[in-house]
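> Quick check, what structure comes out for this input:
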Amino acid sequence: RASIGTTVGDLMITTANGDYRRYFAPTDRLTIAGRVQQVSRLGRDVADPRVLPLIWSPREIVRGYTRDSVAERASQLSVANLEARTPLASFVGRAVGDRLLPVDVFAFSDWARFVAPRTLALEAASRQLWSAGVGARLNAAGFIFEFNAARQLTNGTGWHFVVNFRPGF
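Numbers count the residues shown, from 1 in each chain. Now for the predicted structure:
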């Protein structure tokens with residue numbers, strides 16, 4: 001998927017987005033999912049404080065991170081995610097698994113690079129965040145609940161337990 005959008009008026013900004021996802025199933029019980037994404041805001045007003053951030057929190061992109069000053073004011077974002085997942089029923093047997101809610105267990109690695117533009121008060125900045133971990137995802141009537149144990153690999157602050165709610169689509 002690729003898109004370009006332009007904002008004109010008091011603010012002049014162009015946003016370019018490229019998002020590539022690939023799924024590979026080596027067996028009927030294992031799926032490998034990969035994603036690479038690039039989002040860039042270009043134009044004279046990318047550092048204007050009236051412009052909403054590309055992301056509200058880095059946890060939306062890199063599991064295990066909740067706050068980062070560079071990520072929250074970034075005008076460029078590069079992302080790579082890799083995930084190996086299987087149904088929980090693979091571990092408990094089909095007879096038991098068929099009675100369980102649809103739960104997948106997975107191992108993941110998330111990486112992102114955020115670039116914040118220079119403003120009058122701040123210099124331009126760049127930050128990379130990287131995490132890895134394991135988790136479980138429950139699909140309840142199209143509502144996705146995700147429970148993760150994520151280890152921050154960039155700054156080594158240890159393991160974090162994360163609960164995410166994601167729309168299903």
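> Compute the distance between the residue nearest to R118 when sequence neighbours are not counted and R63, please.
Leaving aside its sequence neighbours, R118 sits nearest to A124 (C-beta to C-beta, 6 or more residues apart in numbering; 4.1 Å). Heads up, the C-betas are built off the backbone N, CA and C, glycines and all. Between A124 and R63 the computed distance is 26 Å (C-beta to C-beta, to the nearest Å).
> now swap in A150 and tell me
In terms of C-beta to C-beta, A150 sits 4 Å off from R63.
> what residues are shared contacts of those two?
110, 131, 133, 135, 162 (C-beta atoms under 8 Å, 6 or more residues apart in numbering).
> For ChimeraX, write the select line for the buried members of those residues.
A single ChimeraX command selects the buried members of the shared contacts of A150 and R63 (16 or more other C-beta atoms under 10 Å):
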select :110,131,133,135,162
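> Skip ahead from the lowest-mean-pLDDT helix or strand in the chain and say which helix or strand is next.
Lowest mean confidence among the helices and strands of the chain (mean pLDDT, DSSP states H and E): helix 94-97, at a mean of 58. Following helix 94-97 in sequence order, the next helix or strand is strand 103-116 (DSSP states H and E).
> where's S75 relative to R50, distance?
Using C-beta to C-beta, S75 is found at 13 Å from R50.
> more crowded one of these two?
S75 (22 against 7; other C-beta atoms under 10 Å).
> was I right about that one contacting P117?
Yes. With contacts counted by C-beta atoms under 8 Å, S75 reaches P117, the gap being 4.7 Å.
> what's the overlap in contacts for those two?
Jointly contacting S75 and P117 under the rule C-beta under 8 Å, 6+ apart are 46-47.
> where along the protein do the helices fall?
89-92, 94-97 (DSSP state H).
> What residues of the first one count as buried?
So the one you mean is helix 89-92. Those would be A89, for helix 89-92 by 16+ other C-beta under 10 Å.
> Excluding chain neighbours, give the residue nearest to the residue sitting nearest the centre point of the chain in space.
Central residue of the chain (C-alpha atoms, centre = their mean): I61, 2.3 Å from the mean position. Distances taken as C-beta to C-beta, 6+ apart place A112 nearest to I61, at 4.8 Å, with adjacent residues excluded.
> Could you do A2 as well?
Counting by C-beta to C-beta, 6+ apart, the residue nearest A2 is G18, at 5.0 Å.
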